[in-house]
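Visitor: predicted model and sequence below, questions to follow.
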Amino acid sequence: MSARTAYLLWSPGFARALVISTAAELAVLGAVNTVPALQLLAEDMVAAAQLALLEGAHALHWWSAIAMLASACCVLQIILTALSLGCSGLNALLGPVRPPLLAAILLLQTGNWHSVVTRKPENARLVALGTAISVLISLSPEITERLRRRPQRGGAAERAADGATEVSLRVAKVSCSVCEGKVRSVAEAHTAVLRCDVDIDRSLAKLTVDAAGEAAVAAVTAEVAASLDAAGYPVTSGGREATGGGTECERAAVRKPGGSSCCAVQLTINALAPLGINLLAPLGLQGCAGFNTFLGPLRPYSRGATATFFAVRWASAGHGQPKRALVVATVLAALLTYMPEMLLFAGATALAPPTDGAYYLDVAVGSSGVVDALVAGTEEQGVARMLVQPRWGLDLAAIARRVNDSGFEMDGAAAKVKNSRASDRH
């Protein structure tokens, strides 16, 4: 499992996102405290929320609900896994927003204890209980990750080197560490499986099978697939993983970009290019403006800020007031914000695709000995490096045809992925 897609405290970039989220939320709180209009609006919203909580449940349930979201509903997934109901997929949806949710938990609990120390010491026991529950639920992914880590089955690595076969199964409904641990435990329960490694990015379970002959390996694979299906993780496809050849896929440590990253601006640049108009000429650039490199990592925060802004605008809009301008502004903002996704769904060229899950693909390129390519700093002659996003319409065969039509020869079978930082070049 990729540490990045697990969205854990020690995942690459998570601490930075948590610090940025906390600073942003503190800035919002500071603005609310200094601007009277915002303070009144916030007080009204808090009062309405408190009233709803009093009508529905005790306030402790609210902190627990926020903590549940901050854990990407890890506790819920543990329950579903115990019932063999498969993956809920909540980590894929809530994982990216764990930093701001954890920041909210931190600020809320800090506010609770400030109130206890300065005004209501008699509530210390209740606040302590709420803090304990919030911390336990919020950090349940990290707790689960630590508990599931264990030494490999005795001698598995040594026996794997003595001729064991590696088989890859594509498993559906796997998106968090709980699901990963369940898939691993089910697979390794088979006596012939020495080890199982789960790659959530690619939805693959790599089995190290100690069996002699193709038929025996196929039988073990079928039995493991049946066990996974019974546990709620159906196998969609499978096959022998190439060793020493074929396509190697190692995920690059990339940053997840965010916002439309000026997608509309890039569309305008692309539209004017065929007319001989290069808006980037004053900057000495051509083609891609590179907005996604700088603005991409801010997409989750910019989208969150946009959603918060319009939520406040709609909440403050009085009854009976004309809302046509607000509707137009909301629709326009939504279109600009989600333009990359709309381009993808419309079948057009996807601009600023998310680099979460992207990787560098090195492809052998030749031209009948006429040209030796030294491309993109790969330090290998005859190699072209591409940054690809498999979820956004990657068609390696189509790329090979276009390269071949241009007089070069592309060896798609020799494609391999280099473990380099996509964010350094993208």
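Guide: Perfect, I can see it now. Residues are numbered from 1 along each chain as shown.

Visitor: use CA for all of it now, contacts and neighbours both
Guide: OK.

Visitor: show the average pLDDT along the helix or strand where Ala222 lies.
Guide: Secondary-structure assignment from DSSP states H and E places Ala222 in helix 214-230. Helix 214-230 shows a mean pLDDT of 83.

Visitor: that helix - contacts with which helices or strands?
Guide: Here helix 214-230 touches strand 165-171, helix 177-188, strand 235-240, going by 3 or more CA pairs under 8 Å, 6 or more residues apart in numbering; DSSP states H and E.

Visitor: quick one: buried residues of stretch 191-209?
Guide: Across stretch 191-209, burial judged by 16 or more other CA atoms under 10 Å covers 192-209.

Visitor: quick one: which of these sit in strands?
Guide: By the criterion of DSSP state E, membership of the buried residues of stretch 191-209 in strands covers 193-199, 204-209.

Visitor: which one of those is nearest Val328?
Guide: When those are compared for distance to Val328 (CA to CA), Asp199 wins out at 42.9 Å.

Visitor: who does the closest one bridge with?
Guide: Beta-bridge partners for Asp199, by DSSP bridges, are Leu204.

Visitor: so what touches the helix holding Ala222?
Guide: Contact with helix 214-230 is made by 84, 165, 167, 169, 183, 186-187, 190, 192, 209-211, 234-235, as judged by CA atoms under 8 Å, 6 or more residues apart in numbering.

Visitor: what do you get if the cut-off is 6 Å, keeping everything else the same?
Guide: Identification of contacts with helix 214-230 by CA atoms under 6 Å, 6 or more residues apart in numbering yields 187, 211, 234-235.

Visitor: and Thr306, how many residues sit next to it?
Guide: Number of residues near Thr306 (other CA atoms under 10 Å) recorded here: 16.

Visitor: same question, Gly30
Guide: Gly30 has 12 neighbours, counted by other CA under 10 Å.

Visitor: let me know the helix or strand that it is in.
Guide: Using DSSP H and E, the element containing Gly30 is helix 14-34.

Visitor: show the contacting residues for Ala164.
Guide: 209-210.

Visitor: so can I have JSON lines of the contacts of helix 214-230 showing pLDDT?
Guide: Conversion of the contacts of helix 214-230 to JSON lines gives the following (pLDDT from 0 to 100):
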{"residue": "Ala187", "pLDDT": "86"}
{"residue": "Ala211", "pLDDT": "78"}
{"residue": "Pro234", "pLDDT": "76"}
{"residue": "Val235", "pLDDT": "77"}
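
Visitor: which pair in the residues you listed spans the largest distance?
Guide: In the contacts of helix 214-230, two members sit farther apart than any others by CA to CA. They are Ala211 and Pro234, at 22.9 Å.

Visitor: distance check, Leu326 against Thr337.
Guide: As for Leu326, its distance to Thr337 is 16 Å (criterion: CA to CA, to the nearest Å).

Visitor: looking at these two, which is more packed in?
Guide: Neighbour totals were compared for Leu326 and Thr337, and Thr337 leads with 22 against 14 (other CA under 10 Å).

Visitor: how about that one, phi and psi?
Guide: Main-chain dihedrals, Thr337, degrees, to the nearest 10: phi -70, psi -40.

Visitor: and what of Arg119?
Guide: Dihedral angles (degrees, to the nearest 10) for Arg119: phi -130, psi -40.

Visitor: for Val116, give me its contacts.
Guide: Ala124.

Visitor: quick check, pLDDT for it.
Guide: pLDDT at Val116 comes out at 79.

Visitor: tell me the buried residues in the strand or helix carrying it?
Guide: Secondary structure assigned from DSSP H and E places Val116 in helix 98-118. With burial defined by 16+ other CA under 10 Å, the residues of helix 98-118 counted as buried are 98-107, 109, 112-113, 116.

Visitor: got the angle for it vs helix 14-34?
Guide: 50 degrees (axes from the mean of the first three to the mean of the last three CA atoms, to 10 degrees).

Visitor: quickly note the distance from Ala103 to Leu139.
Guide: Remark: distance between Ala103 and Leu139 (CA to CA) = 12 Å.

Visitor: and what of Leu40?
Guide: In terms of CA to CA, Leu40 sits 34 Å off from Leu139.

Visitor: could you do Ala164 as well?
Guide: Per CA to CA, Ala164 is found 37 Å from Leu139.

Visitor: ok, now Ala15?
Guide: Distance of Ala15 to Leu139, given as CA to CA: 14 Å.

Visitor: which one of these two has more residues nearby?
Guide: Set Ala15 next to Leu139 and count neighbours by other CA under 10 Å: Leu139 wins out with 21 against 14.

Visitor: quick one on the thing from earlier: adding distance to Ile20, write the buried residues of helix 98-118 out as CSV.
Guide: Shown next, in CSV, are the buried residues of helix 98-118 (distance: CA to CA, whole Å):
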residue, distance to Ile20
Arg98, 12
Pro99, 9
Pro100, 8
Leu101, 12
Leu102, 12
Ala103, 9
Ala104, 12
Ile105, 15
Leu106, 13
Leu107, 13
Gln109, 18
Asn112, 22
Trp113, 23
Val116, 27
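
Visitor: any idea which of the residues you listed is closest to Ala305?
Guide: Pro100 (11.3 Å).

Visitor: so the closest one is in contact with Val19, correct?
Guide: No - applying CA atoms under 6 Å, one finds Pro100 not in contact with Val19, separated by 9.0 Å.

Visitor: where does pLDDT dip in the stretch 51-200 of the chain?
Guide: 51-97, 144-145, 147-163, 173-179, 200 (pLDDT under 70).

Visitor: next: the stretch 301-426 of the chain.
Guide: Along the stretch 301-426 of the chain, the parts satisfying pLDDT under 70 run over 318-322, 340, 343-396, 402-426.
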